[in-house]
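Undergrad: Whatever this is, show me its structure:
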Amino acid sequence: MPRVRFLPRNVIVEFDPARLPYRRHGKPGSILDVALNFDVGLEHACGGNCACTTCHVIVREGAENLSPMEDDETDRIGQAEGVTLHSRLGCQAVVTGDVVVEIPE
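TA: Residues are numbered from 1 along each chain as shown. Next up, the predicted model:
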């Protein structure tokens, strides 16, 4: 079962992707979807539609355990405040294994 560690709060959640209820924000099983299911605060002004950058996260470990970045996310991520080479949009990055992500302030 994948685990997601959310920094800076150091909240670790483990989940079964087949049993995770889909909250209709972002892609099913995305970092945003996981965060909402476990009451981890991750902003998402556009409702997880890849139309803003409020769900921007920085992947600290496990980038290989996320879905590849698609064109829509690539186009949008450059507009995020504090973007790094390890930035992703939480609504688009689907978790497939263990990851550590930082939610910027």
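
Undergrad: which residue packs closest to residue 60, ignoring adjacent ones?
TA: In space, and not counting its chain neighbours, residue 60 is closest to residue 100: 4.4 Å by C-beta to C-beta, 6 or more residues apart in numbering. C-beta: built from backbone N, CA, C; applies to glycine.

Undergrad: which element is that neighbour on?
TA: In the assignment (DSSP states H and E), residue 100 maps to strand 99-102.

Undergrad: List the neighbouring strands of that strand plus their orientation.
TA: Strand 99-102 has its sheet partners listed here by DSSP bridges as strand 3-7 (parallel), strand 56-61 (antiparallel).

Undergrad: Using PDB, write down the CA coordinates of the first one.
TA: If I follow you right, that is strand 3-7. Provided in PDB are the C-alpha atoms of strand 3-7 (Å, rounded to 0.1, in the frame of the first residue of the first chain):
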ATOM      1  CA  ARG A   3       2.300   5.900   1.700                       C
ATOM      2  CA  VAL A   4       2.400   9.700   1.400                       C
ATOM      3  CA  ARG A   5       4.300  11.800   3.800                       C
ATOM      4  CA  PHE A   6       3.100  15.400   3.800                       C
ATOM      5  CA  LEU A   7       5.600  18.000   5.000                       C
END
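
Undergrad: can you give me the helices for the chain?
TA: Counting by DSSP state H, the chain has helices at residues 31-37, 71-77.

Undergrad: Please work out which of these is packed deepest.
TA: Comparing the helices of the chain by mean neighbour count (mean count of other C-beta atoms under 10 Å), helix 31-37 ranks first with a mean of 25.

Undergrad: and that helix, what does it pack onto?
TA: Packing partners of helix 31-37 (3 or more C-beta pairs under 8 Å, 6 or more residues apart in numbering; DSSP states H and E): strand 3-7.

Undergrad: Which positions within the strand it packs on qualify as buried?
TA: Of all the residues in strand 3-7, those buried under the rule 16 or more other C-beta atoms under 10 Å are 3-6.

Undergrad: Return the per-residue confidence for the closest residue to residue 105 other than its chain neighbours.
TA: For residue 105, ignoring the flanking residues on the chain, the nearest one in space by C-beta to C-beta, 6+ apart is residue 8 at 8.0 Å. Reading off the confidence values, residue 8 has pLDDT 96.
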